[in-house]
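**Student:** pasting the sequence and the predicted model now:
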Amino acid sequence: MRRVLGLATGLALTSTALVPAAPAAAAPPGAAYSAAACRTAAVECERDPLIAVAVKVRATPAARPGGKVTYVVDYSQTWTPSFAPYWGAFWVGGRFPAGARGPARAVLYDTAGKRLAVLPCHRYADGTWCDAHGRMPHQGRIAMAARLPSDAKGKATARLGFNSFETLNEAEYARHHGRKKLREKFCEFRFTRTAVTRVSTG
């Protein structure tokens, strides 16, 4: 069956076909997902994700108060065999440093560094997330930036990665639900890592 994973673009879109990934029975080393994944606000999903996303997050190592910090998320996706009949929707982002102005967009690159798409980002109660609905490669890199507050000091910590929703059928996927509806209707998983920037005032 066709396996389609989300990635809609704000300004550009790639039509690169997905390359099948080797199935895996469990998340790859380094992947992290939420133990409190929910189908609705009241019902826990109570299973491991059907799509695991291993992520590595890097940030500008040092910045001044009010300065820009660039974040790079490298990712690799793996499916369990039971995922085949379904589709998934993805959002990229998370929690940026306290008081920081999060990104309005993120840029998707393939593993060769080719720019594939620009993703629109929006602020939510649980962080800033960029819509990744459409086609995306199994492996790639996403870059985004945030601006620190003028009174930043010490360490600026962000926790970033993927927010995925399973299991949509083809009809549900075509509706391109927003995050609010996805969180109400489908299993939600988080794959995130922490990145720290030292705030230099000297």
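**Tutor:** Structure received.
**Student:** all strands for the chain, in order.
**Tutor:** Here the chain has its strands, by DSSP state E, at 51-59, 62-63, 68-79, 87-95, 105-109, 115-124, 127-132, 139-147, 154-168, 187-199.
**Student:** just name the most buried of those.
**Tutor:** By mean neighbour count, with neighbours taken as mean count of other Cβ atoms under 10 Å, strand 87-95 ranks first of these at a mean of 25. In this view, the C-beta of every residue, glycine as well, is placed from N, C-alpha and C.
**Student:** which elements pack onto that one?
**Tutor:** strand 127-132, strand 139-147, strand 154-168, helix 170-174 (3 or more Cβ pairs under 8 Å, 6 or more residues apart in numbering; DSSP states H and E).
**Student:** direction included, what does the first one pair against?
**Tutor:** Right, the one you point to is strand 127-132. strand 87-95 (antiparallel), strand 115-124 (antiparallel) (DSSP bridges).
**Student:** Throw the helices and strands packed on strand 87-95 into TSV and include mean pLDDT, thanks.
**Tutor:** Putting the helices and strands packed on strand 87-95 into TSV (pLDDT from 0 to 100) gives the following:
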stretch	mean pLDDT
strand 127-132	94
strand 139-147	97
strand 154-168	91
helix 170-174	83
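**Student:** make JSON lines out of the ones you listed and add distance to residue 102.
**Tutor:** Below are the helices and strands packed on strand 87-95 laid out as JSON lines (distance: least, Cβ to Cβ, whole Å):
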{"stretch": "strand 127-132", "distance to residue 102": "3"}
{"stretch": "strand 139-147", "distance to residue 102": "5"}
{"stretch": "strand 154-168", "distance to residue 102": "9"}
{"stretch": "helix 170-174", "distance to residue 102": "27"}
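**Student:** cheers, nothing more for now.
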